[in-house]
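*Asks:* Would you be able to build a 3D model of this:
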Amino acid sequence: MKVLVVGGGAAGLMAAGAALRQGHEVTVLEHMEKPAQKILVTGCLAQRYQEEILKELPEVDGVLGTGSYYDVAIAVGQVLSGKRYKRFDDINADQSEDGRILTTPEYYAYLKIAEGCDNHCAYCVIPKLRGKLRSRPMEDLIKEAEQLAAKKALEIMGC
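*Replies:* All right, here's what the predicted structure looks like:
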């Protein structure tokens, strides 16, 4: 049975991956109709299915794991130059928020307090994808909150 996946987003790629694991033939329509488009899979999906994504989904040009967020510009440059890219750094390493680019409207921002989890609940995959619990030092949080306030963020939400 052939499966046609419309859209190249994370949900579409998850559906394509599930179909491939069941032995179906998969075409990612959005990528096939726009040959100049590149697909870079990042985050939890990429971390969980590292090698499988590149092996089973030839439409994907690169994968970037959860420990490699700050390499996204390098990854984009590589796939745009026609190279296949993959990078999976240590998910348990401390992650600095230096050089962060805000993706929210200027009046609010998220302040990342911690990453990962030490609870290995049977139903949850976060420790396997995000690593052990790592809290940021209080001094770093205060410094970043002050920087966000200086940029006119009226509301700062911890996450």
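
*Asks:* got any ranges where this protein has weak pLDDT?
*Replies:* Confidence mapping of the chain against pLDDT under 70 gives the ranges 1-37, 96-101.

*Asks:* let's see it at 80
*Replies:* Applying pLDDT under 80 to the chain flags residues 1-40, 42-43, 69-73, 80, 94-104, 159.

*Asks:* Quick check: G77 vs G62, distance?
*Replies:* 10 Å (CB to CB, to the nearest Å). Where C-beta positions appear, they are placed from N, C-alpha and C, glycine not excepted.

*Asks:* before we move on, what about L45?
*Replies:* 13 Å.

*Asks:* what does P127 give?
*Replies:* Taking CB to CB, one finds P127 at 25 Å from G62.

*Asks:* Check R87 too.
*Replies:* Applying CB to CB to R87 and G62 gives a distance of 8 Å.

*Asks:* give me the number of residues near I113?
*Replies:* By other CB atoms under 10 Å, 12 other residues sit near I113.

*Asks:* which residues does it contact?
*Replies:* Listed by CB atoms under 8 Å, 6 or more residues apart in numbering, the contact partners of I113 are 135-136, 141, 158-159.
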